[in-house]
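# what follows is a predicted structure for the sequence shown.
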Amino acid sequence: MGNSTRKGRLKLSILDQSPVTPGKTAKEALEATVELAKAADRMGYDRYWVAEHHDLTGLASPAPDILLGLIGAQTENIRIGSGAVLLPHYRPYQVAERYNLLATLYPGRIDLGIGRAPGGSAEASIALSGNFLEQVKNMPEKLDELLRFLQQDFPDEHTYAKIKASPVPDHPPVPWLLGTSEKSAILAAEKGMSYAFAHFMTDQDGPAILEKYRETGKGATLVAVSVICAETTEEAEDLAFRSMLQRIRQEADGTQTETLSDEEEEKLNEMREKTIIGNPSEVREQLLELSKAYQTDELMIVTITPDYQTRRESYEWVARAFDLTAR
């Protein structure tokens, strides 16, 4: 079976949530993110996005733009970006300035992924931006303003017509809207943005949602999927079990017991249903099937394992399965 979809070869990218694995510090997690980005550049992945979360147990990055500054300086070819800037928390001008700065430093390599989730608790959202729900209601207007700052096309009579989100790069950041619903797909199409669908975060009918986007949307699409790959199926299954159980208990009270509770077993089954697990051949086949179901030519892989070494190896096995370095 070849690597092609309806639009050409299957592109593979990475979404990094900067997980803090047990026994490691936030500093070590962020260093592992930078190291994985460097490895992904060498492996031949198309893009590397970093996520934004606020005071969530086990996730280390609240500020993608800061991490991207470090990653851009230590990589050469891979596109880098946010997955995503949570726009309800910010003024569009501030976002445009920061990503124009990155695009000035790393020409032709910057993606600006935008989302509208809170990325943390209600208390964290209040601390960041006050009335979060009010800001979410303003999301379409905020998107319009952000896109106009990036494109420098405010009408002459507009208050912002005389200002620029400096520095203005030769190659502006490429805007993407991230989502998990038909509503986000329609919004992306209306705003002329490319659309990234988070398959790993939802039970919605993803292929139907992407088809809805394609009815009027003209941009690129990608689908983010959870993957754990190892040399053998048994190793992959073991990594998946240990990783998922760690995350479940990390998000709870951290209690470690030898037996699974009914609630833990139920959550494990839910996580497994949303994750592709297997050896390189099995993972390759499942990823190709997923890209065909979604009719997209790009998949973005998020992998969390019990340690950073096996996480990196998982991405290496996938890269070899698709012979990325030969492209």
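Cool, got the structure. Residues are numbered from 1 along each chain as shown.
# heading C-terminal from the helix or strand residue 281 falls within, find the next helix or strand.
Using DSSP states H and E, residue 281 sits within helix 280-294. Sequence order places strand 298-302 as the next helix or strand after helix 280-294, per DSSP H and E.
# run me through the strand neighbours of that following strand, direction for each.
Strand 298-302 pairs in its sheet with strand 11-16 (parallel), strand 221-229 (parallel), by DSSP bridges.
# adding mean pLDDT, write those strands out as JSON lines.
Compiled in JSON lines, the strands paired with strand 298-302 are given as follows (pLDDT from 0 to 100):
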{"stretch": "strand 11-16", "mean pLDDT": "98"}
{"stretch": "strand 221-229", "mean pLDDT": "98"}
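# what comes up buried for stretch 198-211?
Along stretch 198-211, the positions that meet the burial threshold by neighbour count (16 or more other CB atoms under 10 Å) are 198-200, 206-207, 209-210. (C-beta placed from N, C-alpha, C; glycine too.)
# correction: the previous question concerned stretch 239-248.
The neighbour-count check on stretch 239-248 (16+ other CB under 10 Å) flags 239-241, 243-248 as buried.
# give me the contacts around that stretch.
The set of residues external to stretch 239-248 that reach it, using CB atoms under 8 Å, 6 or more residues apart in numbering, is 21-22, 58, 228, 230, 260, 264, 267-268, 271-272, 275, 277, 304-306, 310, 314.
# just those residues: which are in strands?
Using DSSP state E, the members of the contacts of stretch 239-248 that fall within strands are 228, 275, 277.
# which one of those residues sits closest to residue 75?
For residue 75, the nearest member of these is residue 228. The distance, counting by CB to CB, is 24.1 Å.
# from residue 318, how far off is that closest one?
Applying CB to CB, to the nearest Å, the value for residue 228 to residue 318 is 10 Å.
# please identify which of those two sits among more neighbours.
Applying other CB atoms under 10 Å to residue 228 and residue 318 shows that residue 228 carries more neighbours, namely 28 against 25.
# wait, doesn't that one sit right on residue 272?
No - look at residue 228 against residue 272 with CB atoms under 8 Å: they stay out of range, at 9.9 Å.
# how about the helices in the stretch 151-300 of the chain?
Under the criterion DSSP state H, counting those that start in this stretch, the stretch 151-300 of the chain carries helices at the ranges 182-190, 206-216, 233-251, 262-273, 280-294.
# of all the ones you listed, which one is nearest residue 162?
helix 182-190 (27.4 Å).
# contacts for that closest one, please.
Outside of helix 182-190, the residues that reach it under the criterion CB under 8 Å, 6+ apart are 116, 139-140, 143, 176-179, 194-195, 197, 204, 208-210, 212-213, 215-219.
# out of these, which end up buried?
Going by neighbour count (16+ other CB under 10 Å), these have 116, 139, 143, 176-179, 194-195, 197, 209-210, 212-213, 217, 219 buried.
# what two of those are the furthest from one another?
139 and 210 (20.3 Å).
# and the residue of the chain positioned farthest from its centre, how close does it get to residue 19?
Seen from the C-alpha centroid of the chain, the residue lying at the greatest distance (CA atoms, centre = their mean) is residue 157, 37.0 Å away. Distance, residue 157 to residue 19, using CB to CB: 48 Å.
# quick one: low-confidence parts of the protein?
Of all residues in the chain, those with pLDDT under 70 make up the ranges 1-8, 253-258.
# distance check, the nearest residue to residue 232 once chain neighbours are set aside against residue 152.
Using CB to CB, 6 or more residues apart in numbering and skipping the chain neighbours, the partner closest in space to residue 232 is residue 279 (5.5 Å). Applying CB to CB, the value for residue 279 to residue 152 is 49 Å.
# likewise for residue 247?
When residue 247 is compared with residue 152 (using CB to CB), they lie 43 Å apart.
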